[in-house]
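Peer 1: coords below, sequence missing:
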């Protein structure tokens, strides 16, 4: 299986007695990230991951040492694959992208994009499922932004608990969830939103503009490899300035953010 994450290309080699089952599961979950091989791939530009699905413990012990990821059951292996791909991709792009822990969405007509960033627990995956039934899905995990403000799609599967009581999340293709797929076109960042989820919040989501100095601590906390950037605080402050500053959204449920994001995309005063 060949897949792309933040424009880093991977070859996932599925091995073990469960190789066929594993390959089928990876192909289904990562279908939006799949790509066709090219001559460049033959020149060693692929990140290669060897993944072992092996029920027999003795055989697993023999093959584990030469693998990047291994498990005896498919749900565990699939649950671990996504963060491994993310970690490798983020490390590869650490010097040329600003990478937010974020949900990124875009207007399907204009290509304008909004990055909604925040820590775990702010509901970024739920947000993607909610907003991207009519907005373009760019990521629910990591939003990479280039120096010219292009948002790099990361079309990973969404990690979702489909059955109550399950310990592991299922890796579900965005297409299976009915999300809007990006086209082969640039998506340009026009808005940065700091997420402040408050389960006790009532009414509509509230939006307030933050002074850059007040926004910087959370901007730093919710970006990867910040220290790899040249003059990181200045870099983040300049990025925020170029998109009109940072706004903080306070909300209880993802649905409350729909009019907020739409207003930003439409250029309405907030």
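Peer 2: Nice, thanks for sending it over. None of the values given here were measured: they were computed from a predicted structure.

Peer 1: Next, residue 95: secondary structure please.
Peer 2: The three-state label for residue 95, taken from DSSP: H, G, I helix; E, B strand; the rest coil, comes out as coil.

Peer 1: Was I right to think it contacts residue 228?
Peer 2: Yes. Shown here, residue 95 and residue 228 form a contact pair, counting by CB atoms under 8 Å, at 5.4 Å. The C-beta positions use only the backbone N, C-alpha and C, and glycine is treated the same way.

Peer 1: Compare those two (neighbour count), which wins?
Peer 2: Here residue 95 and residue 228 are compared on neighbour count by other CB atoms under 10 Å; more neighbours surround residue 228, at 14 against 10.

Peer 1: nearest residue to that one other than its sequence neighbours?
Peer 2: The shortest distance from residue 228 to any residue other than its chain neighbours is 4.6 Å, reached at residue 94 (CB to CB, 6 or more residues apart in numbering).

Peer 1: now do residue 90
Peer 2: Counting by CB to CB, 6+ apart, the nearest residue to residue 90 once its immediate chain neighbours are dropped is residue 224, at 4.9 Å.

Peer 1: wait, what's in contact with the one you found?
Peer 2: Applying CB atoms under 8 Å, 6 or more residues apart in numbering, we find residue 224 in contact with 90, 94, 99, 101, 142.

Peer 1: ok, now with 7 Å
Peer 2: Shown here is residue 224, whose contacts under the criterion CB atoms under 7 Å, 6 or more residues apart in numbering are 90, 94, 99.

Peer 1: Would you map out the domains in this structure?
Peer 2: Domain assignment for the chain by automatic domain parsing gives 2-92, 98-266.

Peer 1: In TSV: these, plus mean pLDDT.
Peer 2: Listed next are the domains of the chain as TSV, based on pLDDT from 0 to 100:
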stretch	mean pLDDT
domain 2-92	92
domain 98-266	94
